[in-house]
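K.L.:
Sequence plus the predicted model coming up.
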Amino acid sequence: MLAENALHIYTDGSSFSSPRRGGIGIRFVLVDSQGGETTIESRHPGYEGATNNQMELRACIEALEEARHRGLANSVTKIVVHADSQYVVDHVCQAKFIWPKRQWTTSTGTPVSNVELWKQLVKGIKNAGCPVYFEWVQGHSTDAHNRAVDKMAKASAKSVLRPATLGGQRAEEVDDRIGLHR
């Protein structure tokens with residue numbers, strides 16, 4: 001059951017490999033005092049050259065920005081981002097507190113992957129207007145909201161595309177730099 005007086009945001013990212021393209025799905029859920037849910041879906045164009053992790057991060061970034069612009073968090077005490085990406089949920093605290101102190105390097109000294117997207121996500125969390133929590137939800141589960149954003153992300157990846165850039169670098173350039181070949 002979803003908590004009252006919170007903005008619940010369901011996010012998902014999707015990526016297809018040939019040709020590489022990605023998309024995002026976002027659904028906002030508000031719960032009233034009787035437990036009734038109001039849902040707002042947000043549709044987005046896809047991104048060319050995007051990886052799945054980039055799209056998982058981009059979905060969270062776009063969701064927090066849209067929630068702020070729409071004023072969806074103005075009357076709630078917290079935002080709960082529900083994501084099926086362990087990559088995002090497991091690393092968001094490191095992005096907020098640890099990686100900036102290490103100049104965005106991991107514990108082994110290697111550069112953090114997708115650093116520009118992580119920085120944007122941290123900025124979105126700081127600008128949200130209330131505390132933001134991340135909760136992992138099992139992907140492809142019985143959760144209707146998660147299934148809906150999964151479908152939206154796949155549809156987004158198949159739609160009109162815009163370039164996916166990461167700090168001025170295209171995803172393919174980053175893959176080449178770190179030795180990941182498609």
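P.N.:
Received, thanks.
K.L.:
do you know how far V89 is from G49?
P.N.:
Per Cβ to Cβ, to the nearest Å, V89 is found 25 Å from G49. In short, each C-beta sits where N, CA and C put it, glycine included.
K.L.:
For the two, work out which one has more neighbours and name it.
P.N.:
Taking other Cβ atoms under 10 Å, V89 and G49 do not tie; G49 has more neighbours (21 against 18).
K.L.:
quick one: that one and R21 touch, right?
P.N.:
Yes - using Cβ atoms under 8 Å, G49 is in contact with R21, at 7.2 Å.
K.L.:
Mind exporting the C-alpha coordinates of stretch 86-100 to CSV?
P.N.:
Provided in CSV are the C-alpha atoms of stretch 86-100 (Å, rounded to 0.1, in the frame of the first residue of the first chain):
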residue,chain,number,x,y,z
GLN,A,86,19.1,-1.6,-8.6
TYR,A,87,21.8,0.5,-10.3
VAL,A,88,20.0,3.6,-9.3
VAL,A,89,18.6,2.6,-5.9
ASP,A,90,21.9,1.0,-4.7
HIS,A,91,24.0,4.0,-5.7
VAL,A,92,21.9,7.1,-5.1
CYS,A,93,23.4,7.6,-1.5
GLN,A,94,26.9,7.3,-2.9
ALA,A,95,26.1,9.9,-5.5
LYS,A,96,24.8,12.3,-2.8
PHE,A,97,27.4,11.8,-0.2
ILE,A,98,30.5,9.8,-1.2
TRP,A,99,31.4,10.3,-4.8
PRO,A,100,31.4,14.2,-4.7
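K.L.:
buried ones in it?
P.N.:
Neighbour-count burial for stretch 86-100, with 16 or more other Cβ atoms under 10 Å as criterion, is recorded at 88-89, 91-92, 95, 99.
K.L.:
who does the longest helix anywhere in the chain touch, helix- and strand-wise?
P.N.:
Across the chain, the helix with the greatest residue count (assigned by DSSP state H) is helix 52-70. Helices and strands touching helix 52-70, by 3 or more Cβ pairs under 8 Å, 6 or more residues apart in numbering; DSSP states H and E, are strand 6-17, strand 20-31, strand 37-42, strand 46-48, strand 78-83, helix 86-93, helix 115-126, helix 144-157.
K.L.:
Can you give the distance of the fifth one from its chain's centre?
P.N.:
In other words, strand 78-83. 10 Å (Cα atoms, centre = their mean, to the nearest Å).
K.L.:
got the angle between that strand and strand 6-17?
P.N.:
Here the directions of strand 78-83 and strand 6-17 differ by 20 degrees (axes from the mean of the first three to the mean of the last three Cα atoms, to 10 degrees).
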